[in-house]
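Peer 1: I need the structure of the sequence given here:
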Amino acid sequence: MEETRVKGQGFRGIIAAVESQHGKGALERARAAMDPDVRLDGIVASGWYPMSWYRELHRAAAIAIPGVPDLAFELGKEAMRKDLRGVYRFILSILGPDRSFSHAERVLSTYFEGARFEVVERRPDGLTARFFELRGMDDACWNDLLGGTTIVAEAPAGRGGRLR
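Peer 2: Down below sits the predicted model:
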């Protein structure tokens, strides 16, 4: 079965997070550590790219930024935080966590082609969710996704939504 493809915006968000959180030098080291067949400079936000390239981006970031616990999770959080600026954050604050997650599958599929999301259980303190059709993800990719999803859960009016 073919791997899921990742939207260019996802790559651009992680690249920006590496630089904003760890500096231009870290980004340069990550680029130097990447497989030469992966061409980050040509990535456009609206394009679709192989999951293998996304794994490679996270692998190179981990080499360039050693010893940072939960690096992929933190990069995913920062990337989503930047994606949810302005009007998107305002909309989430109006919707609240319960209603914002009812649209999560649509949002998820804008980053991961064909991805699906299902809320399994809703509780006052958070929710339990299941992700589907995310083929080819490694631990770093999953942690990135969980970091970004955490920001979506926390965004509505600063309510500390928890994800399981």
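Peer 1: For K24, give its distance to T149.
Peer 2: Distance, K24 to T149, using CB to CB, to the nearest Å: 28 Å. Yep, even glycine has a C-beta here, placed from its N, CA and C like the rest.
Peer 1: which one of those two has more residues nearby?
Peer 2: Neighbours per residue (other CB atoms under 10 Å) separate K24 from T149, with T149 holding more: 22 against 10.
Peer 1: Relative to R123, how far out is that one?
Peer 2: Distance, T149 to R123, by CB to CB: 16 Å.
Peer 1: do D70 as well
Peer 2: Using CB to CB, we find D70 at a distance of 24 Å from R123.
Peer 1: So for these two, which residue has more residues nearby?
Peer 2: D70 (12 against 9).
Peer 1: how much space between that one and A64?
Peer 2: D70 sits 16 Å away from A64, taking CB to CB as the criterion.
Peer 1: With W53 instead?
Peer 2: Plainly put, W53 is 16 Å away from A64 if you go by CB to CB.
Peer 1: Could I get the full set of helices for this protein?
Peer 2: Using DSSP state H, the helices of the chain run over 8-22, 24-33, 51-64, 71-83, 87-101, 104-111, 139-154.
Peer 1: Now that we have these, can you turn them into JSON lines and tack on distance to F132 and mean pLDDT?
Peer 2: Below are those laid out as JSON lines (distance: least, CB to CB, whole Å; pLDDT from 0 to 100):
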{"stretch": "helix 8-22", "distance to F132": "18", "mean pLDDT": "96"}
{"stretch": "helix 24-33", "distance to F132": "30", "mean pLDDT": "97"}
{"stretch": "helix 51-64", "distance to F132": "15", "mean pLDDT": "98"}
{"stretch": "helix 71-83", "distance to F132": "19", "mean pLDDT": "94"}
{"stretch": "helix 87-101", "distance to F132": "15", "mean pLDDT": "59"}
{"stretch": "helix 104-111", "distance to F132": "9", "mean pLDDT": "74"}
{"stretch": "helix 139-154", "distance to F132": "12", "mean pLDDT": "87"}
